[in-house]
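Participant: heads up, no residue letters with this:
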């Protein structure tokens, strides 16, 4: 049986209740189709979107960075990523972030997947791009310190998952999806 | 060459700058080991943690839910999940959420992985649990409307990824990791 079509709740009221340099918190009064009413809170992200890059220096390896993660007050191993500048297209943003964070540019950049962070209470979306045919090129970024860049084999993701500093869901999802896509291409199988 | 040990920045000052029912925004003054100083903002999560459940009604399938996601003002397909109640252990929380959201309990619940959301500016961590040997049991939850539960084959994740309402990075990462673990077990291979 196909699932019933869902009828979205009605937004009775929305109000900005707090704002900082980075975050805006909004309160929503909702009435669901069954009549139930609830107050939800959500975070609004920055307008121009964000990009994450799976960059492959060769057909078997990917670049990861060690970056200070203020939320955890510790270093985390993750993929290069950043905000899209106003007016910048997504491919340019991906290449710029790759040059700033890894000191590499890419001759080929293609979309891999769009990921959300916590759709229940955030509207953040991140475009994940696959970057190949790399060349050395460094752009100065806004990073407070140079990032340590590591190279890992895409086939052995379990070795990465065993590391305590590798836990960011978006990076994990992006690497599994990249591996899935590349495996399908090698076997000439369709990729969704 | 092993990566250089990283020296964490010093927190010069921290201040709560906004708070709502759900969110607390904190400002951090940081001095990095090279002397660079930056102001970071981060969100503090609720104290007791959160849990996400990969529940398998049989050895090949998983349960997903369609839930209204206020951040996107739309329905999203994701895994059952929720906050751990104060004083509640993680296995009890996983079983309770499964009963509330899917109308199922599990006789076996084991840890799969710990995922972070956006460690750069959030301290949220989510424990992903693998739930098997299920039985029917519904607990009333705090959901405003009943959730639509779907059953999907774990081996065909690409079919799920093709769906527009399936984009949450934590659910994608959790399902790939569950599939990886089950494949390894079936081949008697080590799992990280």
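Facilitator: Structure's in. What do you need? Here the structure is a predicted model, which is why all the values come from computation and not from measurement. Numbering: from 1, shown residues only, chains lettered A, B, ... in the order given.

Participant: Which parts of chain A are helices?
Facilitator: Along chain A, counting by DSSP state H, helices occupy A:90-102, A:157-161, A:169-186.

Participant: care to break chain A down by domain?
Facilitator: Following automatic domain parsing, one finds the domains of chain A at A:10-44, A:50-186.

Participant: so which of those domains is the most packed in?
Facilitator: Among these, domain A:50-186 has the highest mean neighbour count (mean count of other CB atoms under 10 Å in any protein chain shown), at a mean of 19. (C-beta placed from N, C-alpha, C; glycine too.)

Participant: Now do that domain: distance to the chain's middle.
Facilitator: Chain-centre distance of domain A:50-186: 7 Å, with CA atoms, centre = their mean, to the nearest Å.

Participant: before we move on, back to that, mind putting the domains of chain A into JSON lines with mean pLDDT and distance to residue B:110?
Facilitator: Formatted as JSON lines, these follow (pLDDT from 0 to 100; distance: least, CB to CB, whole Å):
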{"stretch": "domain A:10-44", "mean pLDDT": "95", "distance to residue B:110": "32"}
{"stretch": "domain A:50-186", "mean pLDDT": "96", "distance to residue B:110": "16"}
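
Participant: Arrange these in TSV, one row each, with distance to residue B:35 as further columns.
Facilitator: Listed next are the domains of chain A as TSV, based on distance: least, CB to CB, whole Å:
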stretch	distance to residue B:35
domain A:10-44	23
domain A:50-186	9
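
Participant: now those as a markdown table including distance to chain B?
Facilitator: Listed next are the domains of chain A as a markdown table, based on distance: least, CB to the nearest CB, whole Å:
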| stretch | distance to chain B |
| --- | --- |
| domain A:10-44 | 4 |
| domain A:50-186 | 4 |
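
Participant: nearest to residue B:156, of those?
Facilitator: Closest approach to residue B:156 among the domains of chain A (CB to CB): domain A:50-186, 11.0 Å.

Participant: start to end distance for the closest one?
Facilitator: In domain A:50-186, first residue to last residue: 29 Å (CA to CA, to the nearest Å).

Participant: Please name the bridge partners of residue A:54.
Facilitator: With DSSP bridges as the criterion, residue A:54 is bridged to residue A:130.

Participant: So it sits against residue A:127, correct?
Facilitator: No: at 11.5 Å, residue A:54 does not count as touching residue A:127 under the criterion of CB atoms under 8 Å.

Participant: how close does residue A:140 get to residue A:146?
Facilitator: Distance of residue A:140 to residue A:146, given as CB to CB, to the nearest Å: 11 Å.

Participant: Equivalent analysis for residue A:159, please.
Facilitator: To residue A:146, residue A:159 is 25 Å away according to CB to CB.

Participant: and if you look at residue A:179?
Facilitator: With CB to CB as the criterion, residue A:179 and residue A:146 are 28 Å apart.

Participant: next one: residue A:106
Facilitator: On the measure of CB to CB, residue A:106 and residue A:146 end up 20 Å apart.

Participant: Next: residue A:90.
Facilitator: 25 Å.

Participant: got it, and residue A:158?
Facilitator: Applying CB to CB, the value for residue A:158 to residue A:146 is 29 Å.

Participant: Residue A:36 too?
Facilitator: 52 Å.

Participant: for residue A:27, same thing?
Facilitator: For residue A:27, the distance to residue A:146 - CB to CB - is 41 Å.

Participant: Same check on residue A:168?
Facilitator: 20 Å.

Participant: tell me the contacts of the nearest residue to residue A:118 once chain neighbours are set aside?
Facilitator: In space, residue A:118 comes closest to residue B:117 once its chain neighbours are excluded; the distance is 5.9 Å by CB to CB, 6 or more residues apart in numbering or on different chains. Counting by CB atoms under 8 Å, 6 or more residues apart in numbering or on different chains, residue B:117 touches A:117, A:118, A:168, A:169, B:124, B:125, B:126, B:170.

Participant: Closest to residue B:17 out of the residues you listed?
Facilitator: residue B:124 (18.5 Å).

Participant: Now for the closest one: which residues touch it?
Facilitator: Here residue B:124 is in contact with A:71, A:118, B:43, B:45, B:50, B:116, B:117, B:118 (CB under 8 Å, 6+ apart).

Participant: What's opposite the third one in the beta bridge?
Facilitator: In this structure, residue B:43 has the following beta-bridge partners (DSSP bridges): residue B:25, residue B:122.

Participant: which residues sit in contact with it?
Facilitator: A:23, A:43, A:71, B:23, B:24, B:25, B:26, B:121, B:122, B:123, B:124.

Participant: now do 7 Å
Facilitator: Contact analysis of residue B:43 by CB atoms under 7 Å, 6 or more residues apart in numbering or on different chains lists A:23, B:23, B:24, B:25, B:121, B:122.

Participant: What is the nearest of those residues to residue B:62?
Facilitator: Nearest to residue B:62 among the contacts of residue B:43, with distances taken as CB to CB, is residue B:122, at 26.1 Å.

Participant: who's in contact with the closest one?
Facilitator: A:71, B:42, B:43, B:45.

Participant: what's the spacing between it and residue B:15?
Facilitator: Residue B:122 is 17 Å from residue B:15, by CB to CB.

Participant: before we move on, what about residue A:156?
Facilitator: From residue A:156 over to residue B:15 the distance is 43 Å, taken as CB to CB.

Participant: And for residue A:138?
Facilitator: Residue A:138 sits 35 Å away from residue B:15, going by CB to CB.

Participant: now swap in residue A:45 and tell me
Facilitator: Look at residue A:45 and residue B:15: by CB to CB, they are 23 Å apart.

Participant: ok, which stretches of chain A are strands?
Facilitator: Secondary structure of chain A (DSSP state E): strands located at A:10-19, A:24-31, A:37-44, A:50-55, A:61-69, A:74-78, A:81-83, A:104-116, A:125-136, A:148-153.

Participant: Many thanks, we can stop here.
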